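>>> Pasted the sequence and its predicted model underneath.
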Amino acid sequence: MANSKETKSGGMSLPAFLLVLIALAGIAAGVWLVLSKKATAGRNNYTFVMQVGDQKTLEAMLEHDYTCASSAEGVVYVEPGSKQLLAKSVGEATVVAKDSVTGASQTFVVTVVENPDHPGATVTHIVRTETTTAPATETTLTETSTVPAGVVSGISLSYYTAAIKVGETHPYAVVTMTPADATDKSEIWTTSDDKVATVDKAGRIKGVGAGQCKIRVTSVSNPFVFAEIDVTVADPNATSTTVTTETTGSESGTTVSGETGSSGASQSGTAASGTSSVQNTANPTIEYKDKIGTYVNGILIANKTYPLDSGYNPGLDKNAQAAFTEMQKAAAKEGITLTICSGFRDYNTQKALYNRYVNRDGKAEADRYSARPGHSEHQTGLAMDINRADKSFTGTKEQKWLAANCVKYGFIIRYPEGKENITGYMYESWHIRYLGKDLAKKVADSGLTLEEYLGITSKYAN
């Protein structure tokens, strides 16, 4: 019936219209939320660059306190429980800061690039294979390596020695792994003696007790590859006594002066850096410093007459290392390649080497080319062998360049030709000793060995 039919108005009913509006509003809200999230993500996804070795406090814009986590701690390490970032190697890492109350997060993409101030030093070797020729007249150490592409084949550090006191923390060592495109550059840090020093997983060293130990960083992807830091931890409350000996002819007198504090430290610092400018004298001032060894006119000496303390373990001297690096760069500009094939050696390492040579060649012959434990210049941290420590180095263009130029950088050829009866050792064209530029020039200009220049002997007591 006409009266019972619903009247139409030519458009949609009011309820349907409201439903459409609600639907459109919902779609608009959804779009807004998506765009809002994207915008927020864009604002929170910050990108910045750090250089290897840099440290940075992460500053996130979150309401409450927050914690941080890195997606690649071998690239960017996050100090546990803090907001401190350490750039460890070249690469990229995502660091997420998370609000400890609300759970909100902020994302940072960190790109780590090379640092020209920390180019690394000598790359560690992978495998040492010892081969003895027959008859047994010479031992050759060769480096062998079969490493798949993308796997770490070498590690270098920004430093290889560290001297701290009990309770102190040493700055991080910058680790460089090669090749640059290695897929896994993660690392493991260990200590040889946790009673002397500990190390955390980022390589931060802390002194625990007086003594020496080794801190090692090892590649996770290739555990044959590692580098070591020689650590010396000193007791901050320890004192030392200086013994002064004045020698005249064949007679000598010794007095104990009990010098400690700044005076003793000054003597040690001068000798270690090789900056003494004392002239040649027939009556040298000879000082014995407890737990180190003998200083002659302020210069630390290790020869057949004057041994070092067996516990003296300074590592390679930083000034000697810097001088060598300067010399190495200068040589490279002239097409000459110089490397340190043997630098610092501690007492026990020298003992093992010397005993091996004695077993092979006999004591008399070994004494001509190898120092007895405690008598090696390598233990001072001021001596190094260049390229290869054998006679095949003599006469090469590298050897000739070294002999002509090492004095400019503070080194002398320590055991020159024809001076074995004075130095106690056969001619070693590869062995250099750091004295500092001024003193090295004076010794070289004098035409004397270091023993002659200082007026001392180099002979074993028995």
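Ah, there it is.

>>> in the protein, which segments are predicted with low confidence?
Applying pLDDT under 70 to the chain flags the ranges 1-45, 115-149, 238-283.

>>> If we use 50, what do you get?
1-10, 36-45, 119-146, 239-281 (pLDDT under 50).

>>> So it: which segments form each domain?
Annotated domains of the chain cover 44-113, 127-145+153-234, 242-454 [automatic domain parsing].

>>> Can I get those in JSON lines including mean neighbour count and distance to residue 460?
Where C-beta positions appear, they are placed from N, C-alpha and C, glycine not excepted. Shown next, in JSON lines, are these (neighbours: other CB atoms under 10 Å; distance: least, CB to CB, whole Å):
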{"stretch": "domain 44-113", "mean neighbour count": "17", "distance to residue 460": "45"}
{"stretch": "domain 127-145+153-234", "mean neighbour count": "17", "distance to residue 460": "24"}
{"stretch": "domain 242-454", "mean neighbour count": "18", "distance to residue 460": "5"}
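
>>> Need these in a markdown table (columns: distance to residue 461).
Rendered in a markdown table, the data for the domains of the chain read as follows (distance: least, CB to CB, whole Å):
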| stretch | distance to residue 461 |
| --- | --- |
| domain 44-113 | 48 |
| domain 127-145+153-234 | 26 |
| domain 242-454 | 8 |
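
>>> Just tell me which of those domains ends up closest to residue 462.
domain 242-454 (10.8 Å; CB to CB).

>>> Apart from its chain neighbours, what residue comes closest to residue 372?
Nearest residue to residue 372 in three dimensions, chain neighbours excluded: residue 354, at 5.6 Å (CB to CB, 6 or more residues apart in numbering).

>>> Wasn't that neighbour part of a helix?
Yes - using DSSP: H, G, I helix; E, B strand; the rest coil, the assignment for residue 354 is a helix.

>>> Helices of the stretch 301-450 of the chain, start to end?
Per DSSP state H, counting those that start in this stretch, the stretch 301-450 of the chain carries helices over the ranges 318-332, 347-361, 363-369, 397-405, 420-423, 437-446, 450-454.

>>> sorry, back to before: ok, the residue nearest to residue 372 touching residue 369?
No - contact criterion CB atoms under 8 Å: residue 354 and residue 369 do not qualify, at 10.2 Å.

>>> who touches the nearest residue to residue 71 once chain neighbours are set aside in this structure?
The shortest distance from residue 71 to any non-neighbouring residue, by CB to CB, 6+ apart, is to residue 94 (4.2 Å). Applying CB atoms under 8 Å, 6 or more residues apart in numbering to residue 94 gives the contacts 70, 71, 72, 107, 108, 109, 110.

>>> Distance of residue 110 relative to residue 77?
Using CB to CB, to the nearest Å, residue 110 is found at 11 Å from residue 77.

>>> what is in contact with these two at once?
By CB under 8 Å, 6+ apart, the residues touching both residue 110 and residue 77 are residue 85.

>>> For residue 165, list the residues it contacts.
207, 233, 234, 235, 236.

>>> so which of the residues you listed comes closest to residue 326?
Once CB to CB is applied, the member of the contacts of residue 165 that ends up nearest residue 326 is residue 234, at 28.9 Å.

>>> That closest one contacts residue 167, correct?
No - Residue 234 is not in contact with residue 167 according to CB under 8 Å; the separation is 10.7 Å.

>>> which residues are common contacts for these two?
residue 207.

>>> Identify each of the helices in the stretch 51-200 of the chain and give its residue range.
According to DSSP H, counting those that start in this stretch, the stretch 51-200 of the chain contains no helices.

>>> Please, where are all the strands along it?
For the stretch 51-200 of the chain, the strands defined by DSSP state E, counting those that start in this stretch cover 55-57, 66-70, 76-78, 84-87, 91-99, 105-113, 127-132, 139-144, 154-157, 161-165, 169-170, 175-178, 187-191, 197-199.

>>> Between those, which one is closest to residue 424.
strand 139-144 (22.2 Å).

>>> how much space is there between the residue nearest to residue 212 when sequence neighbours are not counted and residue 101?
Leaving aside its chain neighbours, residue 212 sits nearest to residue 313 (4.0 Å; criterion: CB to CB, 6+ apart). For residue 313, the distance to residue 101 equals 50 Å [CB to CB].

>>> and if you look at residue 394?
Counting by CB to CB - residue 394 and residue 101 are separated by 72 Å.

>>> again, but for residue 340
Computed with CB to CB, the distance linking residue 340 and residue 101 is 54 Å.

>>> Likewise for residue 50?
28 Å.

>>> Kindly report the same for residue 216.
41 Å.

>>> now swap in residue 388 and tell me
Counting by CB to CB, the gap from residue 388 to residue 101 is 63 Å.

>>> cool, and residue 429?
69 Å.

>>> Contact partners for the closest residue to residue 358 other than its chain neighbours?
Sequence neighbours aside, residue 366 is the residue nearest to residue 358 in space, at 4.6 Å (criterion: CB to CB, 6+ apart). By CB under 8 Å, 6+ apart, the contact set of residue 366 is 354, 357, 358, 360.

>>> swap the cut-off to 7 Å and go again
354, 357, 358 (CB atoms under 7 Å, 6 or more residues apart in numbering).

>>> Likewise for residue 196?
Counted by CB under 7 Å, 6+ apart, residue 196 has contacts 208, 209, 211, 212, 213, 233.

>>> from what I can see residue 57 touches residue 83, true?
Yes - between residue 57 and residue 83 there is a contact at 5.4 Å, judged by CB atoms under 7 Å.
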